[in-house]
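Colleague: for reference, the sequence and a predicted model appear below.
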Amino acid sequence: MKYAFFLATALCSHAQSIQNLTAQIQKTPTAALYVDRGSAYLAAGDARQAVADSDRALDRDALNIQALILRGQANSKLGRHSDAVTDLTGAIALDPDDAALYMVRAAAYSATGDEIRALADRQEALRLDPSATAVLPSQPPPVATVPAVAEPVVAVTAPAPPPAPPPAPVEAPPVVTAPKPIQPQSTSTETADAHYRRAKDLLDQRKFAEAIADLDIAIGMEPTNPILFNTRGYAYYLARDMTHAIVDYDQAIRLNPDYLNAFHNRAIAKRNAGDTAGYETDRQREIELGKKLGIPVR
């Protein structure tokens, strides 16, 4: 196993480590230091601060695999198992040959009730490393889901296990076209929530265009639902289409002016688009909303 799994970290003094790392961060706020402090927070039992430091690390280095793993474990500790799956999927995309990553994601899938995908991940881990189960930390007991943050997932049919024929080659993320006009009606027999859930699953698979298509339908059914716009904005962001991501975050905020997560997402998208002033404005609003809602934002 190449990466440190932070639930197994043993520190002589968590508080002292956090204090020392905070002093270093004040001088030079690097992604690596935020990951180190986040792991110390998690070892000390403060999963929320671990998530916050993971976010800061990823703000500085979006491809930091250690930060993704740390945030995945912290989200699991908080009961946000769907978010943990997303984080670990990102880590696997960066290193698809690490058996331990599949085993940790399998535990997250199991916590969501998706045993089909959990089994597929365990099989892949054992294919990569027959001794994979021996190198993993024990999984913490599930924590009650935080209703305001956790989002539902559903089990879907996983790809057939080996020796099924290999899937078609995955193409590079396509250039995403402009958002489709909102349709007043849809001929789909599925609910908006079903399309939303499938879109979340497609995002886990990095199928951005397909996820956006499902969210288009969901928005057509529920055009006043800010969560749908925020999620489609995130899909556009993952597809590296900052323009349309910002448009969707704008709409999510119009529908819910206190949507903390949408302000955070829009700030990051604006920074990636080169809008430094817009980033600072949204970050300030995010901090103000955090205080109003009693959620620490740094």
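Modeller: All right, it came through fine. Numbering: from 1, shown residues only.
Colleague: from now on I want contacts and neighbour counts done on CA atoms only, so please keep to that.
Modeller: OK.
Colleague: what residues of stretch 17-37 count as buried?
Modeller: Using 16 or more other C-alpha atoms under 10 Å as the test for burial, stretch 17-37 gives 17-18, 21-22, 25, 29, 31-37.
Colleague: sitting in helices, which of the residues you listed do you find?
Modeller: 17-18, 21-22, 25, 31-37 (DSSP state H).
Colleague: once you drop chain neighbours, what's closest to residue 285?
Modeller: Counting by C-alpha to C-alpha, 6 or more residues apart in numbering, residue 285 lies nearest to residue 263, which is 7.2 Å off, once chain neighbours are set aside.
Colleague: please read the previous query as pertaining to residue 72.
Modeller: Residue 72 sits nearest to residue 84 (C-alpha to C-alpha, 6+ apart), 4.0 Å away.
Colleague: what about the helices in the stretch 151-298 of the chain?
Modeller: Listed in chain order, the helices of the stretch 151-298 of the chain (DSSP state H, counting those that start in this stretch) span 192-204, 208-221, 226-238, 242-255, 260-272, 276-293.
Colleague: would you list those in JSON lines and tack on mean neighbour count and mean pLDDT?
Modeller: Output for the helices of the stretch 151-298 of the chain, formatted as JSON lines (neighbours: other C-alpha atoms under 10 Å; pLDDT from 0 to 100):
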{"stretch": "helix 192-204", "mean neighbour count": "21", "mean pLDDT": "90"}
{"stretch": "helix 208-221", "mean neighbour count": "23", "mean pLDDT": "92"}
{"stretch": "helix 226-238", "mean neighbour count": "25", "mean pLDDT": "93"}
{"stretch": "helix 242-255", "mean neighbour count": "21", "mean pLDDT": "94"}
{"stretch": "helix 260-272", "mean neighbour count": "22", "mean pLDDT": "91"}
{"stretch": "helix 276-293", "mean neighbour count": "16", "mean pLDDT": "89"}
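Colleague: which among those is found nearest to residue 105?
Modeller: Of all the helices of the stretch 151-298 of the chain, the one in closest proximity to residue 105, counting by C-alpha to C-alpha, is helix 192-204 (11.4 Å).
Colleague: where does the prediction get shaky in the stretch 1-150 of the chain?
Modeller: By pLDDT under 70, the low-scoring segments of the stretch 1-150 of the chain are 1-12, 132-150.
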